[in-house]
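Enquirer: Next comes the sequence, and after it the predicted model I'd like to discuss.
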Amino acid sequence: MFENSVKAYEEAKEVIPGGVDSPVRAFKSVGGTPPFIDRGEGAYIVDIDGNKYLDFVQSWGPLIFGHCDSDIEEAVINTCKKGLSFGAPTLLETQLAEEIVDMYDNIDKVRFVSSGTEAVMSAIRLARGVTGKNDIVKFEGCYHGHSDSLLVQAGSGMATFGAPSSPGVPADLTKHTLLCEYNNIENLKKCFEDSNDISCIIIEPIAGNMGLVPASPEFLKTCRELCDANNALLIFDEVMTGFRASLKGASGILDVQADIITFGKVIGAGMPVGAFASSQKIMGELSPDGAIYQAGTLSGNPVAMAAGLVSLKKLKANPAMYEELNKKAVKLINGLKEVASKNNIGLQVDTRGSMFGFFFADKMPKNFAEVTDFCDFEKFGKFHHEMIKKGFYFACSQYEAGFISTVITDEDIDACINAADEIMKNL
């Protein structure tokens, strides 16, 4: 059933560390061999053994219209015929930036980069340059890419400067990162008591990297108030939620506005792309207008811009689709919860737009420590493994969110719930 993938994985491990180019793909959290994907077809992916899976990962979020959407595919092919990259400005960059700016009252300008990691790294540099301060506040369980300053682990205190969580990261770089517990207001206030050198708070307002865990309105309001009172900037990492949680991302369903927003994934419709955006005043500090340097040879790559432009235009032309996507997400997770309950299994569920999350737990976690403490990771791994065998592809970690695409049907969801019911009887 998985013979070709098993062979491919062994071959890959000979020439690629761990056999994968991003660690989560190795299936270490759930066990088994990762299927090697041959192609995507609408709501499905097909591996090199010919197994077909209903895809709830959607390339970790960007494929709102599923795989091989004909409009996006046509735009990519036509753009490729003109050239893959120029290292020079194109009209497509301006057009995509205009589409993004048009959506937000607090955004005047956008700078494109090639990944979410790069977007966040650049946004933090911008915040430090604008405020003239060095420290940043981040939250346990929020993932903002693998740049050195953000690879931190908790220290001994409630709020403390972070220590490196990976070899190769100098402590001198992470000493300016204060690590705080997500949704913990007192912990956050203590960060500002501990340092008068805080340049910014960076947060996933709807966390998707410890499962789906939204920040509480009170917590986000406190983030905003502390930044305003301490001459710091608030950065929303919307690499995952931008144009996913709603047409305006998390920002569109929250009362709090950020000073800087980072984007990725969806604005490239599956192509490698990221961006950071802010007001005219803040972005005016960025080179070549200002002194804060940032650059990238492949930034604004025309193929990625073309894909993203078509995707965003389709989203803006039919905003009602977010309601339909959420209905499907709710149908899926409520169905999973129902069959879990029927089989005496604790399952906690939530959605935001076309994003969903579920935890094998008896209580809904509200931060990373609670996800770790409350959730049955072994049960999740068994569930994931059995669902893969039945043709349903969920994110391969309890720490990841899932996604609905427009091409997933109610019948697909019913089939998934029925399969889950069979599995949970023996879980």
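Expert: Ah, there it is. This structure is a prediction, so every number in the text was calculated from the model and none was measured.

Enquirer: where does this structure dip in pLDDT?
Expert: Within the chain, the ranges that satisfy pLDDT under 70 run 153-164.

Enquirer: now the helices for it?
Expert: Using DSSP state H, the helices of the chain run over 3-15, 70-80, 91-101, 116-131, 171-174, 185-194, 217-229, 280-283, 302-317, 321-342, 368-374, 377-389, 410-424.

Enquirer: Look at residue 337 and say how many residues are nearby.
Expert: 17 (other CB atoms under 10 Å). Yep, even glycine has a C-beta here, placed from its N, CA and C like the rest.

Enquirer: quick one, phi psi at the closest residue in space to residue 385 that isn't next to it in sequence?
Expert: With sequence-adjacent residues excluded and distances taken as CB to CB, 6 or more residues apart in numbering, residue 385 is closest to residue 32, at 5.4 Å. Residue 32 has phi and psi values of phi 90, psi -180 when expressed as degrees, to the nearest 10.

Enquirer: Quick check: residue 143 vs residue 120, distance?
Expert: Look at residue 143 and residue 120: by CB to CB, to the nearest Å, they are 10 Å apart.

Enquirer: before we move on, what about residue 352?
Expert: From residue 352 across to residue 120, the span is 20 Å (CB to CB).

Enquirer: which one of these two has more residues nearby?
Expert: residue 120 (28 against 22).

Enquirer: residues contacting the closest residue to residue 184 other than its chain neighbours?
Expert: Distances taken as CB to CB, 6+ apart place residue 367 nearest to residue 184, at 6.7 Å, with adjacent residues excluded. Counting by CB atoms under 8 Å, 6 or more residues apart in numbering, residue 367 makes contact with 139, 140, 141, 181, 182, 183, 184, 210, 213.

Enquirer: Please apply the same query to residue 138.
Expert: Contact analysis of residue 138 by CB under 8 Å, 6+ apart lists 144, 150, 152, 162, 177, 178, 179, 180, 201, 202, 203.

Enquirer: what are the bridge partners for it, then?
Expert: Residue 138 has these beta-bridge partners by DSSP bridges: residue 179.

Enquirer: Same check on residue 46?
Expert: According to DSSP bridges, the partner residues bridging residue 46 are residue 39, residue 52.

Enquirer: Adjust the sequence numbering to begin at 15 for everything that follows.
Expert: Understood, numbering begins at 15; the last thing we discussed is residue 60.

Enquirer: Provide a list of residues in contact with it.
Expert: 51, 52, 53, 54, 66, 67.

Enquirer: Quick check: residue 20 touching residue 47?
Expert: Yes - A contact is recorded between residue 20 and residue 47 when judged using CB atoms under 8 Å, the distance being 5.0 Å.

Enquirer: from the contacts of residue 381, which two are the most distant?
Expert: Greatest spatial distance in the contacts of residue 381: 198 and 224, 13.7 Å, computed using CB to CB.
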